[in-house]
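Engineer: okay, sequence plus prediction incoming.
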Amino acid sequence: NHRKNWVRVRERTVLSFSHRKRRKRVKILIFLVILCVLGWGMRRFLLTAPYFEVKEVAVQGNDRLSNDQVLGWANVTLKRSIFAVNIKEISRVIASKSQIKRVEIRRILPAKVLIVVEERLPFACLSRGKELFEVCDDGVIIKKTIDSMNLPVIRMAGSFSLKEKLSREVNILLMAQQLG
């Protein structure tokens, strides 16, 4: 008799433990579902609230480029949620332009996007046939020009590739500039 009672108590304890474990899993599942619903609601609020619509896009650091040119590359839509603006993609597009050395894009809450650019500055001119190009100090061709602007002119001749020639000539000019 005593042994039967002990077996029943043990069965109840095992059932009770299993039941508690199941209840704990259900509570965790309910908590996760509530968390997902709240996250979805918050995301939806942030993407649709008029308070977070882009009202201004500003450009800083540009001297030679116009604001309109940089804004055209950025192509940021006004009245769109600031959180829907793809900063990485805009940064990639702007950085791919030869006139741009570095770009940084920031969200300024609640409704402003700031584009900070560092432009490449002409260090020399490259003469190739009858064409003239601005070249920066790291050897990147910035753009076609019609005037050398009193910059040193690198003339293309010989069997070097354009990249090798530019790199060599820019390094020579940099050394000459350092020597005075």
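Structural biologist: Ah, there it is.
Engineer: does Ile30 belong to a helix, a strand or coil?
Structural biologist: The three-state assignment at Ile30 reads helix, by DSSP: H, G, I helix; E, B strand; the rest coil.
Engineer: ok, it - contacts?
Structural biologist: By CB atoms under 8 Å, 6 or more residues apart in numbering, Ile30 lies in contact with nothing. No exception for glycine: its C-beta is placed from N, CA and C like everyone else's.
Engineer: so where do the helices sit in the protein?
Structural biologist: With helices called from DSSP state H, the chain shows them at 2-48, 67-74, 87-95, 162-179.
Engineer: in stretch 86-97, what's buried?
Structural biologist: Residues of stretch 86-97 classed as buried by neighbour count (16 or more other CB atoms under 10 Å): 87, 90-91, 94, 97.
Engineer: identify the farthest-apart pair in those residues.
Structural biologist: Largest separation among the buried residues of stretch 86-97 by CB to CB: Ile87 and Lys97, giving 16.6 Å.
Engineer: residue ranges in this protein under the pLDDT threshold?
Structural biologist: Where the chain drops to pLDDT under 70, the residues are 1-19, 157-166, 172, 175-180.
Engineer: rerun at 50
Structural biologist: Where the chain drops to pLDDT under 50, the residues are 159.
Engineer: residue closest to the middle of it?
Structural biologist: Nearest to the geometric centre of the chain sits Lys88, at 2.8 Å (CA atoms, centre = their mean).
Engineer: and that residue, how far from Ser148?
Structural biologist: Distance, Lys88 to Ser148, by CB to CB, to the nearest Å: 38 Å.
Engineer: same question, Arg80
Structural biologist: Distance from Arg80 to Ser148, by CB to CB: 44 Å.
Engineer: swap in Ile141?
Structural biologist: 14 Å.
Engineer: what number of residues lie near Arg23?
Structural biologist: A count of nearby residues for Arg23, using other CB atoms under 10 Å, gives 10.
Engineer: now do the one 5 residues further on
Structural biologist: By the measure other CB under 10 Å, the count of residues near Ile28 is 10.
Engineer: and what of the one 5 residues further on?
Structural biologist: Here the number of neighbours of Val33 (other CB under 10 Å) works out to 10.
Engineer: in TSV, list the buried residues of stretch 86-97 along with distance to Arg23.
Structural biologist: Formatted as TSV, the buried residues of stretch 86-97 follow (distance: CB to CB, whole Å):
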residue	distance to Arg23
Ile87	45
Ile90	50
Ser91	49
Ile94	55
Lys97	60
